[in-house]
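**Student:** Sequence first, predicted coordinates after that:
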Amino acid sequence: MTQPADAARPAAAAPPAAGTVPPAGTAPPAAGTAPPPAAAPSRFRATLESGAFTVTAEIGPPRGADAGAIERKVTLLRGWVTAVNITDNQGASVRLSSWAGSLAAQAAGVEPIMQLTCRDRNRIALQSELLGASAMGIPNVLVMTGDHPKFGDHASAKPVFDLDSVQLLWAARTMRDEGKLLSGRTLSPPPRWFLGSVENPSAPPAGFRAARLGKKIAAGAQFVQTQYVFDAEVFARWMAQVRDLGLHERCHILAGVGPISSLRALEHLEQRVPGVQVPAALSRRLRGVPEDRVADEGIAICAETIGQLRHVPGVAGVHVMAVGNEHRIPVILQRAGLPPALPEGIGGLAGSRAG
Amino acid sequence: MSVSSNGGGPATGPPRDAPPSPRPVTPRVSARSLYLLHHLMQPNAGYRRLAAWLEAVPWLRRLFTAAEKGVKQEIFGCRMCGQCSLPTTGYACPMTCPKQLRNGPCGGVGADGRCEVYPAMRCVWVVAFERAESQGRAGDLLRLQFPVDHRLSGQSSWIRYWQGRDEGLWTELDPPRPAGAGRA
């Protein structure tokens, strides 16, 4: 995927982070207690396992050496989402790194999901990055192939792709569960994180997409966030295949959604973002309102889509991608009937692990 | 990469000269023929002896490797990774994917099956799925293909295959899951 102007999703597959409907009984870690190294409990995982409809959202790190930009975005979402995805140079354009962004999000009070792509690092660097994430208490990682450099701001860069996303999932799971590197060398102690991946339900080959999720689950994916869903029917067909394979019982599935905030963003999605299809009816609806009302209409559509997706059996939650428009996420969630999990001011719950 | 100049190539068939970066190739020979041909190339005592001999004589090995490269480049756009996955990918070469994905398509495939990086080409994984499915072999695509060993680049994959060294490039059809993996 390519970098979006407005509503675009960062990496080829999956960004995310969402809020959640109050997961009753999810015990937050004691505030003020620093997470023990290499053993960060994932509140995101606990929320999913509680059966609560879980919301995550995507945060794009800044093009600049400013952790404050992450903190400001996270603050907008605190209480609304269970965790935030910190993208890894989304759209193949250079941004502040996802591990640094994840630490900044954690410090600002929301649990991070660190995205890691295969585009820029070989297997040595990828495994090193995964160890670092666990050691610094980042509780969730999401691995994906990543956008091709062609789509980014350094089209002349060498595309690495030493591993693909399935191989990286398998390598990560082996590191965690068997305490071994790809080389076979032993890790002491092994890393601990909740491991996720992405999938695009609407891209060809349609007959293989659900099975491909099964392949990722077999390789180690415990949760998956999907590419933008603009057509709930296409998504529901994919979910039916997923249920036939029993995959929703082996992996938490969060549907990707996002608001289209302008006609420019719409055109960008239609023409420039690989793998994303905007249905004609949706396009007509956005083009049918006065230009100054497009953003509102986009929010309304996104909230309606969430409403439809909540009723698809097997869907564990939604992942809201609104990079550059994070401030609209609370409105979307409010309209979709997903109010903040906690009253303002107690928003520290999600971040109490930040130490 | 000079994307624009590479992107306008022919929609099928391998390029005459190996391109500087991978781009998807639709094989020139039908999947059915290649699955049949595969039976003729199954390792046996004769092939093993041939492979051992080729390996022991450097100039013969180089000659054989060059011939293998010529044939496979013409048909598949082979890039000589040295660890051939063709029998499990519908005889479409995943190393011609611009991201060199060996475990299936990325999320950027166009609605009509175009490659996101080279829109004039069909995604090699869409091609692989169609070819494998047409021969009842779509299940092969579920095998986990292990990471490529870059030390083998440029070497003959057939010599390795006949000597049984290619075993372990991919998992069996139902990959075992270690205890503790996935959710309960």
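**Tutor:** The structure has been received and is ready for your questions.

**Student:** Please identify the nearest residue in space to A:Asn303, excluding sequence neighbours.
**Tutor:** Actually, residue A:303 is Ala. It isn't Asn. For A:Ala303, the nearest residue in space outside its immediate sequence neighbours is A:Arg335; the separation is 3.7 Å by CB to CB, 6 or more residues apart in numbering or on different chains. Bear in mind the C-beta positions are built from the backbone N, C-alpha and C, glycine included.

**Student:** so who does the one you found touch?
**Tutor:** With contacts defined as CB atoms under 8 Å, 6 or more residues apart in numbering or on different chains, A:Arg335 is in contact with A:Ile299, A:Ala300, A:Ala303.

**Student:** Skipping adjacent residues, who's closest to B:Pro43 in space?
**Tutor:** Leaving out its chain neighbours, the residue that sits closest to B:Pro43 by CB to CB, 6+ apart is B:Trp162, at 4.8 Å.

**Student:** Which helix or which strand is home to residue 103?
**Tutor:** The chain I'm using is chain A. Element membership of A:Leu103, judged by DSSP states H and E, is helix A:98-107.

**Student:** Let me rephrase: I mean chain B.
**Tutor:** B:Asn103 is part of no helix or strand when elements are defined by DSSP H and E.

**Student:** What number of residues are in the vicinity of it?
**Tutor:** The criterion is other CB atoms under 10 Å in any protein chain shown. On that basis, B:Asn103 has 28 neighbouring residues.

**Student:** do the one 10 residues further on as well
**Tutor:** Summarising burial for B:Gly113: neighbours were counted as other CB under 10 Å, giving 18.

**Student:** Tell me the confidence at it?
**Tutor:** In this prediction, B:Gly113 carries a pLDDT score of 96.

**Student:** which residue packs closest to it, ignoring adjacent ones?
**Tutor:** For B:Gly113, the nearest residue in space outside its immediate sequence neighbours is B:Val126; the separation is 4.2 Å by CB to CB, 6+ apart.

**Student:** Surely that neighbour touches A:Ala206?
**Tutor:** No: shown here, B:Val126 and A:Ala206 do not form a contact pair, counting by CB atoms under 8 Å, at 10.1 Å.

**Student:** quick one: buried residues of the helix or strand encompassing B:Glu55?
**Tutor:** Counting by DSSP H and E, the secondary-structure element that holds B:Glu55 is helix B:45-56. Residues of helix B:45-56 classed as buried: B:Tyr47, B:Leu50, B:Ala51, B:Leu54, B:Glu55 (neighbour count, 16 or more other CB atoms under 10 Å in any protein chain shown).

**Student:** ok, the last one - contacts?
**Tutor:** In other words, B:Glu55. With contact taken as CB under 8 Å, 6+ apart, B:Glu55 is in contact with B:Arg61, B:Ile159, B:Gln163.

**Student:** Next secondary structure element downstream of the lowest-mean-pLDDT helix or strand in chain B?
**Tutor:** Ranked by mean pLDDT, DSSP states H and E, the weakest helix or strand in chain B is helix B:3-7, scoring a mean of 38. Secondary structure here is assigned by DSSP H and E; on that basis, the next helix or strand after helix B:3-7 toward the C-terminus is helix B:31-41.

**Student:** Quick check: mean pLDDT of that following helix?
**Tutor:** 94.

**Student:** Name the residues that touch it?
**Tutor:** Helix B:31-41 is contacted by residues B:27, B:47, B:86-87, B:90-91, B:131-132, B:134-135, B:137, B:158, B:161 when judged by CB under 8 Å, 6+ apart.

**Student:** Buried residues in that helix, which are they?
**Tutor:** Taking 16+ other CB under 10 Å as the neighbour-count basis, helix B:31-41 is seen to contain the buried residues B:Ala31, B:Leu34, B:Tyr35.

**Student:** what residue is smack in the middle of chain B?
**Tutor:** Of all residues in chain B, the one closest to the mean position by CA atoms, centre = their mean is B:Cys93, 3.2 Å from it.

**Student:** List the residues that contact that one.
**Tutor:** By CB under 8 Å, 6+ apart, the residues touching B:Cys93 are B:Val25, B:Pro27, B:Lys72, B:Phe76, B:Gly77, B:Cys78, B:Arg79, B:Ser85, B:Leu86, B:Val124.

**Student:** which residues of chain B score low on pLDDT?
**Tutor:** Under the criterion pLDDT under 70, the flagged ranges of chain B are B:1-20, B:174-184.

**Student:** What distance do you get for B:Glu68 to chain A?
**Tutor:** According to CB to the nearest CB, to the nearest Å, B:Glu68 and chain A sit 24 Å apart.

**Student:** I'd like to know how many residues surround that residue.
**Tutor:** 18.

**Student:** Provide the secondary structure category for it.
**Tutor:** Three-state assignment for B:Glu68 (DSSP: H, G, I helix; E, B strand; the rest coil): helix.

**Student:** That one: what's it in contact with?
**Tutor:** Neighbouring residues of B:Glu68 by CB under 8 Å, 6+ apart: B:Ser156, B:Ser157, B:Trp158.

**Student:** in what helix or strand does the closest residue to the second one other than its chain neighbours lie?
**Tutor:** Among residues not flanking B:Ser157 along the chain, B:Cys84 sits closest, at 3.9 Å (CB to CB, 6+ apart). Secondary-structure element containing B:Cys84, defined by DSSP H and E: none, the residue being outside all helices and strands.

**Student:** From chain A, how far out is B:Cys84?
**Tutor:** When CB to the nearest CB is applied, the distance between B:Cys84 and chain A equals 17 Å.

**Student:** That residue and B:Trp170 touch, don't they?
**Tutor:** No: B:Cys84 is beyond contact range of B:Trp170, at 10.9 Å (criterion: CB under 8 Å).

**Student:** rewinding a little: which one's more surrounded, B:Val126 and A:Ala206?
**Tutor:** Set side by side, B:Val126 and A:Ala206 give different neighbour counts by other CB under 10 Å, the larger being at B:Val126 (23 against 14).

**Student:** in the stretch 251-355 of chain A, which spans are strands?
**Tutor:** Counting by DSSP state E, counting those that start in this stretch, the stretch 251-355 of chain A forms strands over residues A:252-257, A:315-320, given from the N-terminal end onward.

**Student:** Chain B is nearest to which of the ones you listed?
**Tutor:** Nearest to chain B, of all these, is strand A:252-257, at 7.0 Å by CB to the nearest CB.
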